[in-house]
Structure formats: structure tokens, C-alpha cells
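In: just to be clear, the model below is a prediction. Sequence and coordinates:
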Amino acid sequence: MTESPHLLVNRQASIVTVTLDRPEQRNALSLPLMLELTQVLQDIGSSDARGVIIAANGPVFSAGHHFADMAGRSHDKIRALFRICTEMMDCLQALPQPVVARVHGLATAAGCQLVATCDLAVAGTGASFALPGGKGALFCHTPLVAVARNLGRKRALELAMTGDPIDAQTAADWGLVNRVVPDDQLEAATLDLINRATSGPAESKGWGKQAYYQQIELPQSAAYARAGDVMAENAVGAAAQDSFRAFLDKRKH
């Protein structure tokens, strides 16, 4: 296990678990933590790891942005902070490896954004999710970008406008997480999901993930064009051609 001021990085076989490790700050996404997490993700992306789990220590998954990074700061400084957060979130989706959030406790504001940005998410029954800016002076503008891409418009705006938390089962029903399990089964269920999500050729999985994020924001005709280009490139690769031949050989016999 690799230790740092803000994170724990542990690799077991082909899966890397990155754990937010500032429980005394409710795992707030402070500037140093975001910079460190971005670097760790980039390192994982260029490694032979096949999957990533994002987890957290302490009673709270993440309370979102660290207000100390914004209090008394200029517009330019705060805008730069949000750019760094966006770069970190984009890095998660640019990785060729599947990324699963393992969520316990509260995931709020940018912490909820982090869950929404991961490819997949498993929550314990005790988890809850909120965009609390609707109750205060700072609306959750940037967290809503990611959350709204997981939920329907009405539900995303309900979260953002009321600021009220939702429980884990509601988050699953609304599409923010894949499934909910008892808290004492959270680690095992997350590992099961990442193992299933990383089965098969890693290169094909990486192409599939990255093409998904490229096409999902496009109009349908452009999305089909992009997906068709990537699928054709994938199909002429050695792994796909080998699978075609194996299938045809079995059929002939």
C-alpha cells in the first residue's frame, strides 16, 4: 500500500483501490487532494492495472469542496480551483480502466459529483447523497453537471434546488448508483462488480469506455458514426479477429 498525505493506494492483483484518507476533513476535495488524485489516476491509466475502486476512510465518503480553498479568494483563484476539479473528474472518465465508486456515509456536493463521474458505483445501505448548495448561498453548479448526466432532469433539479439528501436506495432507483448492499457487504460487492466489469480483453474494454463517453453527448447520427468507426477499428484488431476465428472453428465442428 502506498501512503500519501491525502490518499492510500493499494493494488491487489490487477485492481487498484484509491482511498480518500482525510477523515478529519470529511474527505473534502481540497486543492492538494485533487492534484494528488489526478496524478495517481494518470499513473494508473498508464499502468497494466485492469480496474480502479474509489473509496474513502472515516464516516463520510466526501463532503465536497474544501471551503478553506474558496474563503477570501479572488474570482481567478476560485475559477482555477474548479478547473482543477473538472480535470480530475475528466481524468476518471479518460482512464481506459473501469472505475467503481465504493460509497459509504455521505457523498455531498463535489463528493456526489465524484460518485456520478465514476463509471459504476455501489453504495452501502447507510450511504446518502446530496447537492446541498440549494439550501445555501453557493448553488452546486459544477456537481450538477455530472449528476444531471446520471439522472433525469426533474430529479437532478430536485436534488439541486432543495438541497435535501436522498438515501442509497433512492439513489439506485434514480440511477446515481448501480446497486445498494448491506454496509457489511459493501467491500465484497464492489470487488465483485469491478471483477466482472474488467473481464475480457483490456484493450477492447478501454476502447468501449472511451467511445461511450465520446458518443453519449453527440446527436444520434454523429454518435453512430463515431461508434461505428471505433467498432470497426476494434473488429480488425488481433483479439477480435482471434475470437471470430475461434467461434467459426467451433461452428464448423
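Out: Okay, I see it.
In: find the nearest non-adjacent residue to residue 108, please.
Out: Closest residue to residue 108 apart from its sequence neighbours, by C-beta to C-beta, 6 or more residues apart in numbering: residue 130 at 4.5 Å. Bear in mind the C-beta positions are built from the backbone N, C-alpha and C, glycine included.
In: also residue 2?
Out: residue 9 (4.1 Å).
In: return the alpha-carbon coordinates of whichever strand or helix holds the one you found using CSV.
Out: Element membership for residue 9 (DSSP states H and E) is strand 7-12. Extracted as CSV, the C-alpha positions of strand 7-12 are listed here (Å, rounded to 0.1, in the frame of the first residue of the first chain):
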residue,chain,number,x,y,z
LEU,A,7,-4.7,9.1,-0.3
LEU,A,8,-4.0,5.5,0.2
VAL,A,9,-3.2,3.5,-2.9
ASN,A,10,-3.4,-0.3,-2.7
ARG,A,11,-3.1,-2.8,-5.6
GLN,A,12,-4.4,-6.3,-5.2
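In: if we can go back for a sec, could you check the pLDDT of the residue nearest to residue 2?
Out: pLDDT for residue 9: 97.
In: now the one 5 residues further on
Out: Reading off the confidence values, residue 14 has pLDDT 96.
In: just checking, it touches residue 53?
Out: No - using C-beta atoms under 8 Å as the test, residue 14 is too far from residue 53 to be in contact (11.7 Å).
In: more neighbours, these two?
Out: For residue 14 versus residue 53, the count of surrounding residues by other C-beta atoms under 10 Å is larger for residue 53: 24 against 15.
In: shouldn't the more buried one be within a strand?
Out: Yes - read with DSSP: H, G, I helix; E, B strand; the rest coil, residue 53 is one of the residues of a strand.
In: what sits opposite it in the beta ladder?
Out: Counting by DSSP bridges, residue 53 forms beta bridges with residue 17, residue 100.
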